[in-house]
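Novice: Got a sequence here, can you build the structure:
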Amino acid sequence: MKFATAAAVLAATSSISSTGAFTLSKQRFSPDINVYERRKQQQNNGYYSRTALHMSTLESKSVGTSTGFSSQDGLSSAAWDDLVNGSAETASKNAARTYMNKFKGDTAAHIIYSKLLEHGVEVVNGYSGGAILPLLDQFHHSHPRHGENKRIRWITNSNESSAGHVAEGIAKSSTEPDGRLAAGIVVATSGPGATNLVTPITDAMCDGVPLIVLCGQAATTAPVDAFQSCPAVDIMKPCSKWSYQIKSAAEVPFAMDYAFYVARQGRPGPVFIDLPKDLQIQQLTDEVIDNFLNGLGSYTHDESYNLDHDKEFVRLIPDTTAIHLGRVKEGLSFVVDGEGELKHVESGHDAYHLDHHATNTIYGGVDYDKIYDEDDTRKTGKLGAPDGLMAEMMEKIRNAKRPFIIAGQGANDAAKELMEFAESLQIPVATTLHALGTFDERHPLATNMLGMHGHATPNYLIQECDLLLCIGSRFDDRITGRPSDFIPAARQASKEGRGGVIHVDCRFSENAKQIKPDYFVHSTGKTFLRSVNDAIRANPPKDTARTKEWISKKLELEKEYPIKITRYNPEKYTIEDEDGNMKEVTRTKMCCQGIIHEMNRQLLESGKIDDAIFSTGVGIHQMAAAQLITWTQPRQMLSSGSLGTMGVSLGYCMGSKLANPTKICISVDGDGSFNMTFTELKTIGEEKIPVKLLILDNESQMMVEYWQRLFHDERYIAVRNKSPKYTTLASAFGIKSIYCESEEELPEKMREFLEDYDDEPVLFHVRIERTPCLPMVAPGQPLDNMILVDEDFEVDKSAAPS
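Specialist: The predicted model follows:
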């Protein structure tokens with residue numbers, strides 16, 4: 001099942017500008033389908049708190065219009081009759097009963113599996129354990145539930161953490177028909193099974209990856225501190241979008257649908273569901289349903305009541321047919337439609353709702369602490385309107401002489417629209433780590449990745465631009481450098497009324513969080529780009545050559561500051577050949593950048609670059625890959641950005657291949673990262689997942705080693721590795737392998753790696769020298785103050801990197 005989202009409904013207490021824009025209001029909003037006149041009287045009498053933001057408003061006339069459903073195609077006929085007869089609570093409960101009745105007679109474990117199928121899940125990763133056995137049993141190929149029905153592929157990983165990273169790889173590289181990322185699924189047991197998943201859950205939270213983690217838990221009847229019990233919900237709460245323990249089998253359908261919705265909507269992220277073992281085998285009977293419905297609390301105007309009942313997951317909204325799911329201040333409203341399925345109702349203007357539903361509104365710039373304030377003087381406008389803030393913003397875009405685009409992860413589903421926009425106004429485009437490939441780097445307007453280890457060209461250009469358009473990026477510190485020195489020319493242009501910053505993000509909470517914009521557009525990157533493209537087509541710029549000098553500047557910088565690759569002189573060695581004879585050979589050492597450059601060259605020349613997906617660990621190899629691979633497709637680069645998790649590359653690569661079997665999936669990994677998770681070679685060998693694993697081995701954590709050189713007087717500690725023979729390791733798991741240690745051998749062995757093993761996994765172990773990754777913006781420095789060459793110089797040692 002995929003959610004059908006009802007049309008957005010603006011609250012009666014919010015205000016509409018002349019351009020039809022949505023304006024924040026601090027007033028309390030009444031629930032979704034108001035059928036009582038007394039509710040209006042209570043509102044008029046100030047019955048509701050004027051400071052709370054989290055109730056929604058739909059007038060009675062909205063039924064069948066604004067919400068997108070009616071008595072015929074929305075509510076069930078019985079629920080509609082109850083509503084018309086004045087019993088909204090009965091209507092809500094009857095609708096909920098209809099929803100649960102589809103699963104009557106099933107156990108909670110059975111329902112979970114059914115919901116995974118409903119949501120299109122094809123692969124689940126995980127690890128076994130006693131507390132999760134009832135759910136695990138549902139995946140067995142001979143379970144009586146299957147028959148001739150479709151089955152979900154189960155993959156047993158070497159540990160729970162790796163299972164999480166594989167699921168992330170599936171999610172990062174999969175797009176559903178609705179354009180959103182698919183959710184990766186992990187199943188594990190209680191105690192250490194759950195705690196081993198803290199890292200992948202946090203990684204998913206930091207990078208916006210939809211993940212649903214289902215873990216067993218000690219039975220509700222177990223004594224305190226029972227075997228393998230732990231406070232998993234509390235542990236996961238700070239690092240997930242929603243963390244909850246099931247209280248009854250009756251909650252499971254709601255919990256699963258809500259989990260998929262929350263994980264994939266707004267900025268995606270992980271959801272954690274704790275499953276006590278006894279409730280996994282609880283059967284959904286009429287008695288269980290009755291007890292559940294009779295025990296439902298309310299989501300009311302009384303804020304203290306709501307907070308006292310914050311642990312209740314499902315609540316009725318008084319005088320409506322809507323159901324509130326989630327926590328008090330972090331929950332959403334749903335109704336059950338005539339098909340007995342949950343339908344989300346966009347209903348609320350609190351921070352949580354605004355982070356999950358883009359209002360397509362343009363806001364004038366304010367400081368971060370004022371973004372939720374009600375201010376009659378604050379400018380707002382509707383995206384796509386012919387006048388107002390939209391027209392004002394478009395004038396700045398059309399007239400800018402040095403415009404610059406940052407495309408972030410939020411633009412990944414809008415590559416076509418981004419290309420049209422950039423070409424129509426001749427605007428250079430830079431991408432963030434998670435947006436590599438969103439703008440094809442073969443295009444002359446591409447400036448490639450910017451930031452701490454970005455290309456010099458975008459770092460210099462952005463500092464000189466007069467208008468910055470940041471589309472779907474949150475101004476992470478790795479791309480801004482020292483914030484006070486970021487985009488000085490655009491700030492000056494803003495003061496002079498001829499430029500500034502336009503920030504587009506689907507999360508309202510990102511408005512002015514890092515950088516104060518002149519215009520904040522609360523929308524998706526795709527919707528924004530479509531709107532501005534429509535406006536440009538309707539009124540093309542008169543001065544088509546206004547950015548000509550700006551583009552010339554870009555070309556000059558690219559010529560002056562290319563990414564440099566260390567080259568070594570050939571050396572002669574005397575070796576013993578296979579016949580025992582001594583002979584002299586020439587060998588040339590290699591660096592990380594040189595290996596990646598050769599791989600990229602061969603993929604480009606063979607025409608296979610568009611069909612490749614790359615994953616990386618964290619370190620020099622990660623940044624060199626970002627710099628030197630020619631990125632051509634959205635979501636082509638899978639890497640841990642915000643958390644910087646070493647060891648993820650192998651799991652990400654496996655997940656991408658499972659989700660994209662026709663793609664060439666290549667893990668570009670360093671020995672330090674690979675050493676953390678190479679136990680997944682077991683899974684690759686068992687499941688015969690045909691991935692390509694490139695290990696760049698310098699027996700070092702070179703990125704940290706370089707920092708110790710710069711900031712700690714070359715006192716090297718905990719940065720050297722004693723690497724195993726990776727070819728022997730691969731052989732132990734039945735995986736083909738290749739070894740290379742000289743530049744002379746590289747082209748042919750790289751060709752073999754890329755072309756000769758399409759249907760089986762292969763590992764390519766390459767021995768390299770220790771070289772830093774440059775350019776690099778030292779911590780605490782402006783973005784255009786880059787280290788460009790590997791030489792000694794003074795640094796601010798108080799600003800050591802993290």
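
Novice: Need the residue closest to the centroid of the chain.
Specialist: Taking CA atoms, centre = their mean, the centroid of the chain lies closest to Gly208, which sits 2.3 Å from it.

Novice: residues near Pro562, how many?
Specialist: Pro562 has 11 neighbours, counted by other CB atoms under 10 Å. All C-beta atoms are positioned from the backbone trio N, CA, C, and that covers glycine.

Novice: And the residue nearest to the centre of the chain, what's its pLDDT?
Specialist: Per-residue pLDDT puts Gly208 at 96.

Novice: doesn't Gln265 make contact with it?
Specialist: No. At 11.5 Å, Gly208 does not count as touching Gln265 under the criterion of CB atoms under 8 Å.

Novice: Give the burial count for Arg491, as a bare number.
Specialist: Applying other CB under 10 Å, we find 18 other residues in the vicinity of Arg491.

Novice: Leaving out chain neighbours, which residue sits closest to Ile695?
Specialist: Spatially, and ignoring its direct neighbours in sequence, Ile695 is nearest to His765 (4.9 Å; CB to CB, 6 or more residues apart in numbering).

Novice: Report the separation between that neighbour and Glu176.
Specialist: 37 Å (CB to CB, to the nearest Å).

Novice: who has more neighbours, those two?
Specialist: Neighbours were counted for His765 and for Glu176 using other CB under 10 Å; His765 has more, 24 against 14.

Novice: Packing partners of the helix or strand harbouring Met390?
Specialist: Per DSSP states H and E: Met390 is located in helix 388-399. Packing partners of helix 388-399 (3 or more CB pairs under 8 Å, 6 or more residues apart in numbering; DSSP states H and E): strand 361-364, strand 380-382, strand 467-471, strand 500-505, strand 519-522, helix 525-538.

Novice: Show the subsequent helix or strand relative to that helix.
Specialist: Helix 388-399 is succeeded, C-terminally, by strand 403-407 (DSSP H and E).

Novice: so for that next one, what's the average pLDDT?
Specialist: Mean predicted confidence for strand 403-407 is 98.

Novice: Next, the angle from the very next helix or strand once past it to helix 388-399.
Specialist: As assigned by DSSP H and E, the chain's next helix or strand after strand 403-407 is helix 415-425. Angle of helix 415-425 versus helix 388-399, following axes from the mean of the first three to the mean of the last three CA atoms, to 10 degrees, is 60 degrees.

Novice: now the strands for the stretch 701-802 of the chain?
Specialist: Taking DSSP state E, counting those that start in this stretch as the criterion, the stretch 701-802 of the chain carries its strands at 736-740, 762-767, 776-777, 786-787.

Novice: Give me the sheet partners of the second one and which way each runs.
Specialist: Which is strand 762-767. Applying DSSP bridges, strand 762-767 is found paired with strand 692-697 (parallel), strand 736-740 (parallel).

Novice: Please identify the most buried of the ones you listed.
Specialist: Among those, strand 692-697 has the highest mean neighbour count (mean count of other CB atoms under 10 Å), at a mean of 27.

Novice: Go through it and list whatever outside residues touch any part of it.
Specialist: With CB atoms under 8 Å, 6 or more residues apart in numbering as the test, strand 692-697 has contacts from 592, 595-596, 599, 621, 650, 653, 664-671, 674, 723, 726, 753-754, 757, 761-768.

Novice: The closest residue to Tyr568 other than its chain neighbours: what's it in contact with?
Specialist: Distances taken as CB to CB, 6+ apart place Lys589 nearest to Tyr568, at 4.3 Å, with adjacent residues excluded. By CB under 8 Å, 6+ apart, the contact set of Lys589 is Tyr568, Glu571, Ser742, Glu743, Ile768, Glu769.

Novice: now for those, which pair is the farthest apart?
Specialist: Farthest pair in the contacts of Lys589 (CB to CB) is Glu571 and Ile768. Separation: 15.1 Å.

Novice: Compare neighbour counts for those two and give me the winner.
Specialist: Ile768 (26 against 11).

Novice: gap between the more buried one and Tyr568?
Specialist: Look at Ile768 and Tyr568: by CB to CB, they are 10 Å apart.
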